[in-house]
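Asks: Starting from these lines, generate the structure:
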Amino acid sequence: DDDQPTAAIILDVNDPNFEDGTGRQFYIKWVNKSYSESTFEFERDLILNEVEYKEHLENYNRRKVKPTRKDMKKLDKQGDAQGRKLYKIFGDQIKQSDEEKEKQVKEYQDVLEKRVFKCGGQLRDYQAEGV
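Replies: Model prediction:
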């Protein structure tokens, strides 16, 4: 066999090959730290320090998948539909009374405030008002 052995993750700090068995490395953006303080960390060190990283890694891998042409067309159609809906609310040439327009704007702001984004966050009332 000409197979090269792969580097294993050695978790035992007393093992003589501890420094050689480092495994994968990740670029970590730490919570409450600036991006300039991000560091490269070995997977082994994350495991030893009981850092919860697997869910973040799965989220990253899911986000980095390039969408297919079919997915892009679907997103484009959704964006067009959203644009038409917004034009009906905010368009300059729409014949509505101020009360009707204000009611539709308020309804749209309420929808924005209730929306939960992928990260789990939501817009605050003043942010929805700014949109």
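Asks: mean confidence for the longest helix along the chain?
Replies: If you go by DSSP state H, the chain has its longest helix at helix 69-90. When pLDDT is averaged along helix 69-90, the result is 81.
Asks: Name the residues that touch it?
Replies: Pro67, Ile94, Lys101, Gln104, Val105, Tyr108 (CB atoms under 8 Å, 6 or more residues apart in numbering). The way it works is simple: take the backbone N, C-alpha and C, and place the C-beta from them, glycine included.
Asks: Go ahead and produce PDB holding the CA coordinates of the helix or strand encompassing the third one.
Replies: So the one you mean is Lys101. Using DSSP states H and E, Lys101 maps to helix 98-114. Taking Å, rounded to 0.1, in the frame of the first residue of the first chain, the C-alpha atoms of helix 98-114 are listed here in PDB:
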ATOM      1  CA  ASP A  98     -53.200  58.900   3.200                       C
ATOM      2  CA  GLU A  99     -55.000  56.700   5.800                       C
ATOM      3  CA  GLU A 100     -55.000  53.700   3.500                       C
ATOM      4  CA  LYS A 101     -51.400  54.100   2.700                       C
ATOM      5  CA  GLU A 102     -50.500  54.600   6.400                       C
ATOM      6  CA  LYS A 103     -52.400  51.500   7.300                       C
ATOM      7  CA  GLN A 104     -50.600  49.400   4.700                       C
ATOM      8  CA  VAL A 105     -47.200  50.800   5.800                       C
ATOM      9  CA  LYS A 106     -48.000  49.900   9.400                       C
ATOM     10  CA  GLU A 107     -49.000  46.400   8.400                       C
ATOM     11  CA  TYR A 108     -45.800  45.900   6.500                       C
ATOM     12  CA  GLN A 109     -43.800  47.200   9.500                       C
ATOM     13  CA  ASP A 110     -45.600  44.700  11.800                       C
ATOM     14  CA  VAL A 111     -44.700  41.900   9.400                       C
ATOM     15  CA  LEU A 112     -41.000  43.000   9.400                       C
ATOM     16  CA  GLU A 113     -41.000  43.200  13.200                       C
ATOM     17  CA  LYS A 114     -42.400  39.700  13.600                       C
END
